[in-house]
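> Dropping the sequence and predicted coords here.
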Amino acid sequence: MSKLEIDVTSNYEFIEDNIYDNRGIVLIGGTRSSKTISAVQWIIVYCLRNTGKEVVICRDTLVNLKRTTLKDFIALCYGLGDYPALAPHVTINKSDNTAIINGNNISFIGLIDDPMRVYGLRNDLFYINEAVSTYIHTFRQLNQRCEDGFILDCNPSAPDSWVYKLEQRDDVKTFRSTFEDNPFLPESIVSEIKGYEPTSENIDNGTADERMWSIYGKGLVFKGSEIIYQKWSTYVDEDIEGYDQVFYGLDWGINHPLACVRVTVNGNNLYLKEVVYKSNIMDLSSELVPLIKKDFEIVGQENYIICDSAEKKSIYTLASHDLPAFGAKKPAGSVLTGIRKVQGFNIFVHKDSINIQKELNNYKWKVDSKTDTVLDVPVKEFDDALDAIRYVVYTYL
């Protein structure tokens with residue numbers, strides 16, 4: 001391969017410096033920080049250095065992939081706009097969304113559109129653009145059939161995405177960047193991004209936006225006004241020095257987790273601990289009842305189990321095993337009223353109750369996509385344990 005002269009940013013340099021000695025690279029950052037361009041640049045160079053490789057480039061949907069990543073790929077290959085031509089002899093087949101560079105096959109896939117395509121799909125390298133919009137099992141299917149490694153990128157728009165947990169692996173290296181790491185940005189775009197910063201001048205101009213500045217300006221996760229339960233902290237068992245009452249909240253689920261939460265009430269404090277958080281519990285008598293009774297023994301007193309009242313037969317099953325199970329009150333408007341009541345307590349979550357913590361980080365109000373207005377409509381996600389807690393608070397507190 002003849003020597004290439006290309007302009008690169010710190011994202012490209014990070015990939016080049018780390019990918020050969022590690023399993024994967026995760027690029028996290030704000031808008032226009034060059035994550036995508038750098039990843040695609042490096043993949044093209046990878047293809048020019050090798051032959052006979054199978055490369056997968058993907059993101060959530062094929063429509064989004066064509067609008068963003070594939071468009072950048074074509075521009076970099078042919079040298080469109082301000083880019084030098086890296087692979088002008090590329091062969092692109094638009095009908096089956098594939099390309100060939102130097103004898104390497106590149107497939108472009110929408111992961112949500114065609115989820116089964118990754119099953120059994122051997123590859124040498126894969127790249128997921130905006131990885132937080134995809135599913136961890138899809139990543140695992142690609143990764144377990146991958147020879148050389150992977151590259152992921154994302155904006156930090158999901159507070160508790162599986163992508164961030166990859167940082168815990170010793171063989172995955174993470175790089176965070178912002179628009180300030182991209183020296184090739186036009187000043188007009190830099191000015192627009194800086195306009196999100198909540199300075200007094202930007203507030204007066206009406207451009208300030210804390211969420212946009214955090215995610216797209218600074219490249220950081222933002223827990224803004226759309227997060228329903230914003231104030232909570234963790235505790236260990238020894239932190240509860242006395243309590244008024246212990247309840248259990250239970251939200252039924254099969255494919256969704258069945259969540260049972262111990263709710264310890266101490267004045268205006270709620271202490272929350274997972275008892276059960278598990279999908280596909282089919283036999284309540286043999287699988288669920290022993291787990292709840294074990295926790296009852298720890299507490300050592302009579303307690304009420306407040307259940308989703310929609311499953312009357314399941315409530316009867318618990319009651320038939322000498323568990324004081326009752327249906328929650330669920331009149332019209334009880335969801336919003338219950339949320340407001342829970343918000344009125346000081347919330348403490350046991351340090352080991354990671355699923356409750358995950359739900360608290362991700363349970364959101366719906367946001368109007370046209371106006372960015374936060375609506376009084378909770379999004380029906382990340383709410384299994386939180387519904388169980390709400391049943392207790394609305395019904396008995």
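Here it is on my side, so go on.

> Centre-most residue in this structure?
Ser161 (2.5 Å; Cα atoms, centre = their mean).

> With adjacent residues omitted, what lies nearest to it?
Val132 (4.2 Å; Cβ to Cβ, 6 or more residues apart in numbering). Where you see a C-beta, it was placed from the backbone N, CA and C, and this is true even at glycine.

> correct me, but the one you found touches Ser157?
Yes: taking contacts as Cβ atoms under 8 Å, Val132 lies within contact range of Ser157: 6.2 Å.

> ok, the two, which is more surrounded?
Val132 (20 against 15; other Cβ atoms under 10 Å).

> Quick check: pLDDT value at the residue nearest to the centre of the chain.
Looking at Ser161, its pLDDT stands at 82.

> quick one: the residue nearest to Ser161 and Tyr216, what's the gap?
Distance of Val132 to Tyr216, computed by Cβ to Cβ, to the nearest Å: 14 Å.

> Now do the shared contacts for the two.
Here Val132 and Tyr216 have Asn155 as joint contacts, going by Cβ atoms under 8 Å, 6 or more residues apart in numbering.

> Burial check on Pro183, number of neighbours?
9.

> what's the distance between it and Ala85?
The value you get for Pro183 to Ala85, if Cβ to Cβ is used, is 21 Å.

> for Tyr248, same thing?
Taking Cβ to Cβ, one finds Tyr248 at 65 Å from Ala85.

> Domain boundaries for the protein, per the record?
The record's domain split for the chain, according to automatic domain parsing, is 10-185, 188-217, 232-396.

> can you put the ones you listed in a markdown table and add distance to Glu226?
A markdown table is the format used below for the domains of the chain (distance: least, Cβ to Cβ, whole Å):
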| stretch | distance to Glu226 |
| --- | --- |
| domain 10-185 | 11 |
| domain 188-217 | 8 |
| domain 232-396 | 5 |
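
> Relative to Ser225, which of these is closest?
Ser225 sits nearest to domain 232-396 of all the domains of the chain, at 5.2 Å, using Cβ to Cβ.

> what about the closest one, start to end distance?
One end of domain 232-396 sits 21 Å from the other (Cα to Cα, to the nearest Å).

> and Leu48, how many neighbours does it have?
Leu48 is flanked by 16 other residues according to other Cβ under 10 Å.

> Asn102 is in contact with that one, correct?
Yes: shown here, Leu48 and Asn102 form a contact pair, counting by Cβ under 8 Å, at 5.6 Å.

> Return every residue with contacts to both of the two.
Joint contacts of Leu48 and Asn102 (Cβ under 8 Å, 6+ apart) are Ala87.

> quick one on the thing from earlier: tell me the contacts of the residue nearest to Ser161?
With Cβ under 8 Å, 6+ apart, Val132 has these contacts: 154-158, 161, 163.

> Recalculate using a threshold of 7 Å.
Val132 makes contacts with 154, 157-158, 161, 163, as judged by Cβ atoms under 7 Å, 6 or more residues apart in numbering.

> average pLDDT across the lengthiest helix in the chain?
Using DSSP state H, we find that the single longest helix of the chain is helix 35-49. In this model, helix 35-49 carries a mean pLDDT of 97.

> who's in contact with that helix?
Outside helix 35-49, the residues that reach it (Cβ under 7 Å, 6+ apart) are 1, 4, 6, 8-9, 11-12, 15-16, 27, 29, 53, 55, 57, 68-69, 72-73, 76-77, 86-87, 101-102, 104, 125, 127, 129, 151, 153, 177.

> follow-up on the earlier one: more neighbours: which of Tyr248 and Ala85?
Between Tyr248 and Ala85, counted using other Cβ under 10 Å, the more crowded position is Tyr248 (26 against 14).

> bridging residues for that one?
Here Tyr248 sits in beta bridges with Arg262, Ile305, going by DSSP bridges.

> Double-check it against Cys260; I have them as touching.
Yes: in this structure Tyr248 lies within contact range of Cys260 using Cβ atoms under 7 Å: 6.0 Å.

> List the residues that are in contact with both of those two.
Residues touching both Tyr248 and Cys260 (Cβ under 7 Å, 6+ apart) are 275, 292.

> For the stretch 101-250 of the chain, just list every one of the strands.
Counting by DSSP state E, counting those that start in this stretch, the stretch 101-250 of the chain has strands at residues 104-110, 123-128, 146-154, 172-177, 232-235, 245-251.

> just checking, what packs against the second one?
It stands for strand 123-128. helix 35-49, strand 54-59, helix 136-143, strand 146-154 (3 or more Cβ pairs under 7 Å, 6 or more residues apart in numbering; DSSP states H and E).

> hang on, the earlier thing: could I get the pLDDT score of the residue nearest to Ser161?
91.

> Next: Asp244.
Reported pLDDT for Asp244: 89.

> To what extent is the nearest residue to it once chain neighbours are set aside buried, counted in neighbours?
Of all residues not flanking Asp244 in the chain, Val265 sits nearest, at 5.0 Å (Cβ to Cβ, 6+ apart). As a burial measure, Val265 scores 18 neighbours (other Cβ under 10 Å).

> With Trp232 instead?
Neighbours around Trp232, by other Cβ under 10 Å: 16.

> ok, now the one 5 residues further on?
Neighbours of Asp237 under the rule other Cβ under 10 Å: 11.

> can you pull the contacts of it?
Applying Cβ under 7 Å, 6+ apart, no residues qualify as near Asp237.

> Tell me the spacing between it and Lys294.
Distance from Asp237 to Lys294, by Cβ to Cβ: 15 Å.

> Looking at the contacts of Val132, which are in helices?
Among the contacts of Val132, the members that lie in helices (by DSSP H) are Val163.

> Could you export the contacts of Val132 as TSV, including distance to Ser353?
Listed next are the contacts of Val132 as TSV, based on distance: Cβ to Cβ, whole Å:
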residue	distance to Ser353
Cys154	26
Ser157	25
Ala158	20
Ser161	19
Val163	22
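
> and the two most separated of the contacts of Val132?
Longest span within the contacts of Val132, Cβ to Cβ: Ser157 and Val163, 10.6 Å.

> on that earlier part again, I'd like to know which of the strands of the stretch 101-250 of the chain is closest to Tyr391.
When the strands of the stretch 101-250 of the chain are compared for distance to Tyr391 using Cβ to Cβ, the nearest one is strand 245-251, at 4.8 Å.
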